[in-house]
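Trainee: after the sequence you'll find the predicted model.
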Amino acid sequence: MNAPGRPSNVRRYAIVAAFMVAILASAVVITTWGFLALFSGADPITKDVPLFVGPLMVGFGMIALLGILLSIGRELLLGRPKFPWLLAVFAGIGPFLVTGIAGFLSGLPPTDTFSNSFVLAIVPIGWLAALLYWAVTVRQIFTDRPRPRWRWENEDDE
């Protein structure tokens with residue numbers, strides 16, 4: 001992410017924002033899996049496998065999402081503020097495929113990986129994460145507006 005002509009604090013902001021959005025997406029995926037399990041009465045993983053397989057699947061998927069978010073940030077730092085639609089599609093499909101492959105390599109059947117509604121829920125979450133990351137980063141890079149402040153942060157009150 002070494003974009004010429006951009007201050008290092010903007011590059012740092014893009015990298016930190018990508019990590020934060022990926023962490024947020026991980027939390028949303030785990031919450032979605034919990035609600036899907038609660039309302040459908042089904043388990044995300046039906047085969048007898050070690051307990052770490054589910055978090056491992058989600059972790060690998062979110063690492064893939066992080067890579068795609070960093071690519072979006074690179075495009076922005078190169079001065080291209082248009083929304084990268086192709087990367088947004090990959091932000092949904094990439095983590096889905098990586099999560100499915102991680103589950104398949106862990107010994108799960110295809111019904112627990114690629115055709116599972118739990119894993120399919122990663123696709124819209126990835127799309128929304130890409131949109132959120134793009135919007136927040138575009139505002140920081142291409143506008144001179146300061147960040148929003150909370151009421152208690154106003155210096156005029158003192």
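Mentor: Perfect, thanks for sending it. Residues are numbered from 1 along each chain as shown.

Trainee: going forward, measure contacts and count neighbours with C-alpha atoms only.
Mentor: Will do.

Trainee: I'd like the average pLDDT over stretch 85-104.
Mentor: Mean pLDDT, computed over stretch 85-104, is 92.

Trainee: now name the helix or strand holding Leu56.
Mentor: helix 53-77 (DSSP states H and E).

Trainee: tell me the buried residues in that helix?
Mentor: Neighbour-count burial for helix 53-77 flags 53-54, 57-77 (criterion: 16 or more other Cα atoms under 10 Å).

Trainee: now stretch 95-108
Mentor: Of all the residues in stretch 95-108, those buried under the rule 16+ other Cα under 10 Å are 95-104, 108.

Trainee: now do Ile63 against Gly79, distance only.
Mentor: With distances taken as Cα to Cα, to the nearest Å, Ile63 is found 25 Å from Gly79.

Trainee: wait, Thr143
Mentor: Distance of Thr143 to Gly79, given as Cα to Cα: 12 Å.

Trainee: of those two, who's got more company?
Mentor: Gly79 (15 against 9; other Cα atoms under 10 Å).

Trainee: centre-most residue in this protein?
Mentor: Nearest to the mean C-alpha position of the chain, by Cα atoms, centre = their mean, lies Ala22 at 3.7 Å.

Trainee: model confidence over the helix or strand hosting that one, on average?
Mentor: In the assignment (DSSP H and E), Ala22 maps to helix 8-40. Average pLDDT, helix 8-40: 93.

Trainee: now for that helix, which elements pack on it?
Mentor: Packed against helix 8-40, as judged by 3 or more Cα pairs under 8 Å, 6 or more residues apart in numbering; DSSP states H and E, are the following elements: helix 53-77, helix 117-120, helix 122-142.

Trainee: what does the last one rub up against?
Mentor: I take that to be helix 122-142. Contact with helix 122-142 is made by 10, 13-14, 17-18, 21-22, 25, 28-29, 65, 69, 72-73, 76-77, 81, 83, 88-89, 91-93, 95-96, 145, 147, as judged by Cα atoms under 8 Å, 6 or more residues apart in numbering.

Trainee: now the angle from that helix to helix 8-40?
Mentor: 160 degrees (axes from the mean of the first three to the mean of the last three Cα atoms, to 10 degrees).
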